[in-house]
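Output the structure for:
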Amino acid sequence: MRTTSINILAWLLILFVGGCVDPYRPPEVASPNSYLVVNGFFDSAPGAPTTIRLSRTQNLADTKAPTVETKAVVTIESQNKAVYTLAEGTAGTYTLAGVTPRTGENYRLHIRTAKGVEYFSAYVPVIQTPPIDSISWRKENNGVQINVNTHDPTNNTRYYRWEFDETWEYYSAYTSTYELINNQLVSRAVQVDRCWSNASSTNIMTTSTTRLSQDVVSQFPLTFIPGSSIKLGVKYSILVRQIALSQTGFDYYDQLAKITQNIGSIFDPQPSQITGNLYCATNSNELVLGFFRVGSVATKRLFISRSQIPDFRAITGYESCTTDTLTLAEIRKNQPAVITLYDMTRYLTTSTFCVDCRLRGGVIKRPDFWQ
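Residues are numbered from 1 along each chain as shown. Predicted coordinates for the structure are as follows:
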């Protein structure tokens, strides 16, 4: 009896204490402050346009789309006093065409908002990115591991970052040859059974070769695709972008990755304030987020076809699709998708989802680069 009473008292104490705990909300989470976010770089590739995007931060409780910074004056300035003004096209997007930075020169970004607040970056040199040697892939752990390989024969790069865009082809469960228009079945004018979908990398991927005698990156892991992924169902493509960084730039992205991608246990880095090479000249206490650089981007594309991985079976999301046979009167009443004529009086039908691949988020326009 005494043990039972102690157990009941313990549970009551736990419930009482638990009911008195309020969730901790750091003041920064609900802060009304909105800081400038700068995204872009001065492209040193001959003839390539430069694009700088300006937006504003928002607190975690805000569900609205981020606010873009419009009507700002955005210029790129060299230490030799040359000034290049970017033009705003789409709201918050500023571009410069016909100007290529000179190797050996240093440049900075200068922003003056419509409210008169001024921001500058540090002066940074032009850093050319070496080409990507290859994008390799191999089957492992019931999936495909994709890696990148590169090197700088001059041993000058040493700091690297990568991004990538994925594209994959897929088909709907059935091909619809008819569609109901004005209560009449007519031949489908546009085929909607073949689509392409896209995704972009979200993780920050960096590495350094400073501890190596040669500036060589071998088999750096970019992404892993499970063998069951729809990405590998027909054909898959990845476009890799490689960026050479200064040590300052590498330190910025490396620290940003640590506090945004490795938080989950008491042993991971704790959230902290990260600043790039931009600052507010009007108010030294105001934050500005981003990192301005000058240089080029190296790209390379890889394709993987289904025939290269025949032992994998992709889960398409269409596994539950079924068919039915209906008369024209039943089709007019129930509005299913029509696959084809079944017999003299009935049609083979299914749900619209099972014939229109666009409902999976894809597009039916074939990408220009598709092979």
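
Now do the same contact list for residue 309.
Residue 309 sits next to 139, 144, 227, 232 when contact means C-beta atoms under 8 Å, 6 or more residues apart in numbering. (Each C-beta comes from the backbone N, C-alpha and C, glycine too.)

the strands in the stretch 101-250 of the chain, which residues?
Using DSSP state E, counting those that start in this stretch, the strands of the stretch 101-250 of the chain run over 106-112, 118-121, 124-127, 132-140, 143-151, 159-171, 178-181, 184-187, 194-200, 205-208, 216-226, 235-244.

Turn the ones you listed into TSV, columns for mean neighbour count.
Output for the strands of the stretch 101-250 of the chain, formatted as TSV (neighbours: other C-beta atoms under 10 Å):
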stretch	mean neighbour count
strand 106-112	20
strand 118-121	20
strand 124-127	19
strand 132-140	15
strand 143-151	20
strand 159-171	20
strand 178-181	16
strand 184-187	11
strand 194-200	16
strand 205-208	18
strand 216-226	16
strand 235-244	21
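
Once you drop chain neighbours, what's closest to residue 54?
In this structure, residue 54 finds its nearest non-sequential neighbour in residue 69, 3.6 Å apart by C-beta to C-beta, 6 or more residues apart in numbering.

Would you confirm that that neighbour contacts residue 52?
No - counting by C-beta atoms under 8 Å, residue 69 stays clear of residue 52, with 10.2 Å between them.

how close does residue 257 get to residue 250?
Per C-beta to C-beta, to the nearest Å, residue 257 is found 10 Å from residue 250.

Those two - which one has more neighbours?
For residue 257 versus residue 250, neighbours defined as other C-beta atoms under 10 Å are more numerous around residue 250 (19 against 16).

bridging residues for the residue minimising distance to the centre of the chain?
When C-alpha atoms, centre = their mean is applied to the chain, the residue found nearest the centroid is residue 200 (3.4 Å). For residue 200, the beta-bridge partners are residue 165 (DSSP bridges).

rewinding a little: need the overlap of contacts for residue 257 and residue 250.
residue 206.

Pretty sure residue 253 sits in a helix.
Yes - assessed with DSSP: H, G, I helix; E, B strand; the rest coil, residue 253 lies in a helix.

who's in contact with it?
Residue 253 makes contact with 161, 204, 206, 245, 291, according to C-beta under 8 Å, 6+ apart.

which of the residues you listed lies closest to residue 75?
Within these, the smallest distance to residue 75 is 17.8 Å, found for residue 291 (C-beta to C-beta).

low-scoring pLDDT stretches of this protein, where are they?
Confidence mapping of the chain against pLDDT under 70 gives the ranges 1-32, 60-63, 262-273.

mind checking which of the strands of the stretch 101-250 of the chain is nearest residue 342?
Smallest distance to residue 342 across those (C-beta to C-beta): 11.3 Å, for strand 178-181.

Give me the contact list for that closest one.
Strand 178-181 is touched from outside by 185-189, 331-332, 335, 337-341, 347, with contacts defined as C-beta under 8 Å, 6+ apart.
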